[in-house]
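Colleague: Provided below for reference: sequence and predicted model.
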Amino acid sequence: MIEISELTKRYGDKTAVDQLSFTVRPGRVTGFLGPNGAGKTTTLRMILGLDTPTGGTATVSGVPFRGHRRGLRHVGALLDAGHVHGGRTATAHLAALARSNGIPPRRVREVLDEVGLTDAARRRIGGFSLGMKQRLGIATALLGDPPVLLFDEPINGMDPEGVLWVRRLFRRLAAEGRTVFLSSHLMSEMENTADQLVVIGRGRLIAAEPLADFAARGTRLSVVAGSPRAVELAAVLAAAGASVEPRGPADAGRIAVTGLPADRIGALALEHRIQLTELTTQAASLEEAFMELTADSAEYLAGHRR
Ligand SMILES: Nc1ncnc2c1ncn2[C@@H]1O[C@H](COP(=O)(O)OP(=O)(O)OP(=O)(O)O)[C@@H](O)[C@H]1O
């Protein structure tokens, strides 16, 4: 379990993390989402005791991380996969960490096997691709068999097979009863992985709830209508209070309608004797819900600093 209470971090007059409070529970995968610069990495660094909070507390299993002797047995973390000594082999890197954390040496082979790096075990890390470095970072996090795992943007640089593998791994780790906390700035990465979400923007909490609740909160229904007389239909629907946008090329005869349900659109079309070729209700994607909720808190919008 990770407990964050009133956590704050200021750099000069910049507040990177602003009175953040939330709990990450064991037995599920919790996604930590926010646009670029929202404060995710800073929060993870404070949980790991790598940055000192300006205010508030972060505890892991009830204790600040620095209070845990032999840290890797309590918390496994992947923060910056590129931040490893390139001259060492994967085995040497993990063996050194195992020694300093009192972890049995056999774990090195086990975790290399787990992440699919057995064949690369004796190669120098400097020659690894980003995806391989991510796998090595995950192996490092797993080394101490810890109950709590943190991953910062773990899917970066992975190929599609790697993404599927890592998703299955996270779900298995959670099913084993561990606390699994993953950060990302992409909702699409969480959609098939996380049960629970913590969403932040500009250092502040926006939502902490099950993914399904978050999706329901942001969902706006829109209806796609097709007609050979789409321009006339659009005018009729706009007059009835809907907002209407062309869908695809202007001459394709398809419009996206929000603010009126499909049955009402059908009735209005009939009333005005406009033929319909399509009428489909669509739920906004989770990605759209996320963008809508965080729009006001994005630090950079279209290249302009806010
Ligand atoms: N050492 C530092 N000194 C000054 N400002 C910092 C420092 N570290 C982070 N910041 C600022 O704090 C804010 C939060 O940064 P952070 O890296 O935590 O965000 P993030 O959510 O992880 O973003 P990203 O998705 O881009 O990695 C940003 O505005 C960043 O510029």
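Modeller: Now that the structure is in, tell me what you want to look at.
Colleague: kindly confirm my reading that residue 31 is in a strand.
Modeller: Yes. Secondary structure assignment places residue 31 in a strand (DSSP: H, G, I helix; E, B strand; the rest coil).
Colleague: can you list the weak-confidence ranges in the chain?
Modeller: Using pLDDT under 70 as the threshold, the predicted model of the chain has low-confidence ranges 67-70, 81-82, 216-220, 283-285, 296-306.
Colleague: buried ones in the longest helix along the chain, by neighbour count?
Modeller: Once the chain is assigned using DSSP state H, the helix that runs over the most residues is helix 160-175. Going by neighbour count (16 or more other C-beta atoms under 10 Å), the buried part of helix 160-175 is 162-163, 165-167, 169-171, 173-174. Where you see a C-beta, it was placed from the backbone N, CA and C, and this is true even at glycine.
Colleague: what is that helix packed up against?
Modeller: On a contact count with 3 or more C-beta pairs under 8 Å, 6 or more residues apart in numbering; DSSP states H and E, helix 160-175 meets strand 28-33, helix 130-142, strand 179-184.
Colleague: again, only this time at 10 Å
Modeller: Using 3 or more C-beta pairs under 10 Å, 6 or more residues apart in numbering; DSSP states H and E as the contact criterion, the secondary-structure elements in contact with helix 160-175 are strand 28-33, helix 130-142, strand 148-152, strand 179-184, helix 187-191.
Colleague: distance-wise, check the spatially most central residue of the chain relative to residue 171.
Modeller: Within the chain, the residue whose C-alpha comes closest to the C-alpha centroid is residue 184; the distance, by C-alpha atoms, centre = their mean, is 3.2 Å. According to C-beta to C-beta, to the nearest Å, residue 184 stands 15 Å off from residue 171.
Colleague: likewise for residue 145?
Modeller: 17 Å.
Colleague: now do residue 59
Modeller: Distance, residue 59 to residue 171, using C-beta to C-beta: 25 Å.
Colleague: and what of residue 271?
Modeller: Counting by C-beta to C-beta, the gap between residue 271 and residue 171 amounts to 51 Å.
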